[in-house]
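**Student:** this is a predicted model, with the sequence first.
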Amino acid sequence: MAGRTSVEFVAGGCGEHCRGWLYEPRGTGPFPVIVMAHGLGGIKEMRLDAYAQRFCADGYACLVFDYRHFGASDGSPRQLLDIDRQLEDWSGAIAFARGNRNLRPDQVVLWGTSFGGGHVILSAARDRTLAAAIAQCPFTDGIASLFALNWRSALKVTALALCDVMLPLVGRAPVMVPTAGPPGSAALMTAPDALAGYLALVPDGTAFRNQVTARFGLNIVRHRPGRKAADISCPILFCVCEADSVAPAGPTKRYARRAPKGEVRAYQAGHFDIYVDKDFEQVVADQLAFLHRHVPTKQGGA
């Protein structure tokens, strides 16, 4: 079995640390490395280990990390979802991977899911030295995702977001909203499959908070990472769920067609189905086939 060690690296300019796991395959390095992180409010324990183990068995090292303010990483207030800070975390993770002598600095692959898939698109558009990228059920268009959220929920979240912006100015604690909730509730994801599907990814006994700072609700519409797909120079695989209730498939496929080396694999699955059971098995097989073509290893490469 491949080895897993706990690691940390500095992200941003304030000396804060992201923490995560480094999986290294059996054999002699240096190895290609896949840098991995989760989506909206997610932490590494929410099935990222399952993907990393499969990739590692095929000869890829995997750096799996938590964003600042979440999971094992630094950051106060807790549960702050800040897009710019999370993109800094991706940059810090890439720099850490390239600085590890047992990893190939010229064979860095990015892997992100859901909201993290959008971060992968933006990071790959900025860094033209990456070997490849994988965006799984990616958040690509805030307007499309807003329409996937019913208007009653959107209005409730907006009201709480405005409170969260104002109240800390007078010394009050941040206002939180659930990341996933029932239909019609004040949550960021309220589709019928959202709450059960999201929480099912959390292993029993894992410390996890299903909430983020409400101010993020004001940024959703303006965040449209898919528009940067045309600027990605490396091969990128878009894994799209046709029945996605959070990140609609249509806009994602349109953006994917703009990526010069983009590939699309579509699945008859919902946003949360792709992490488990047969849909997980199929998407991992497709991702490994993509990796073998573009970033071959001794175990699985051509």
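**Tutor:** Alright, I've got the coordinates. Residues are numbered from 1 along each chain as shown.
**Student:** from here on, just use CA atoms for contacts and neighbour counts.
**Tutor:** OK.
**Student:** for the protein, where's the lowest mean pLDDT among helices and strands?
**Tutor:** helix 142-148 (a mean of 83; mean pLDDT, DSSP states H and E).
**Student:** following that one, which helix or strand shows up next?
**Tutor:** Later in the chain than helix 142-148, the nearest helix or strand by DSSP states H and E is helix 151-166.
**Student:** remind me what that next one packs against, helices and strands.
**Tutor:** strand 176-177 (3 or more C-alpha pairs under 8 Å, 6 or more residues apart in numbering; DSSP states H and E).
**Student:** show me how far the following helix or strand past the strand it packs on is from its chain's centre.
**Tutor:** Using DSSP H and E, the helix or strand that follows strand 176-177 in sequence is helix 194-199. Put simply, helix 194-199 sits 16 Å off its chain's centre (C-alpha atoms, centre = their mean, to the nearest Å).
**Student:** list the contacts of the least confident helix or strand of the chain.
**Tutor:** For helix 142-148, contacts defined as C-alpha atoms under 8 Å, 6 or more residues apart in numbering pick out 139, 154, 191, 220-224, 245-248, 251.
**Student:** got the residues you listed as JSON lines, with distance to residue 298, neighbour count and secondary structure columns?
**Tutor:** Converted to JSON lines, the contacts of helix 142-148 look like this (distance: C-alpha to C-alpha, whole Å; neighbours: other C-alpha atoms under 10 Å; DSSP: H, G, I helix; E, B strand; the rest coil):
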{"residue": "139", "distance to residue 298": "33", "neighbour count": "30", "secondary structure": "coil"}
{"residue": "154", "distance to residue 298": "49", "neighbour count": "21", "secondary structure": "helix"}
{"residue": "191", "distance to residue 298": "43", "neighbour count": "22", "secondary structure": "coil"}
{"residue": "220", "distance to residue 298": "42", "neighbour count": "17", "secondary structure": "coil"}
{"residue": "221", "distance to residue 298": "44", "neighbour count": "14", "secondary structure": "coil"}
{"residue": "222", "distance to residue 298": "43", "neighbour count": "10", "secondary structure": "coil"}
{"residue": "223", "distance to residue 298": "39", "neighbour count": "16", "secondary structure": "coil"}
{"residue": "224", "distance to residue 298": "37", "neighbour count": "18", "secondary structure": "coil"}
{"residue": "245", "distance to residue 298": "38", "neighbour count": "21", "secondary structure": "coil"}
{"residue": "246", "distance to residue 298": "37", "neighbour count": "27", "secondary structure": "coil"}
{"residue": "247", "distance to residue 298": "35", "neighbour count": "27", "secondary structure": "coil"}
{"residue": "248", "distance to residue 298": "37", "neighbour count": "24", "secondary structure": "coil"}
{"residue": "251", "distance to residue 298": "37", "neighbour count": "16", "secondary structure": "helix"}
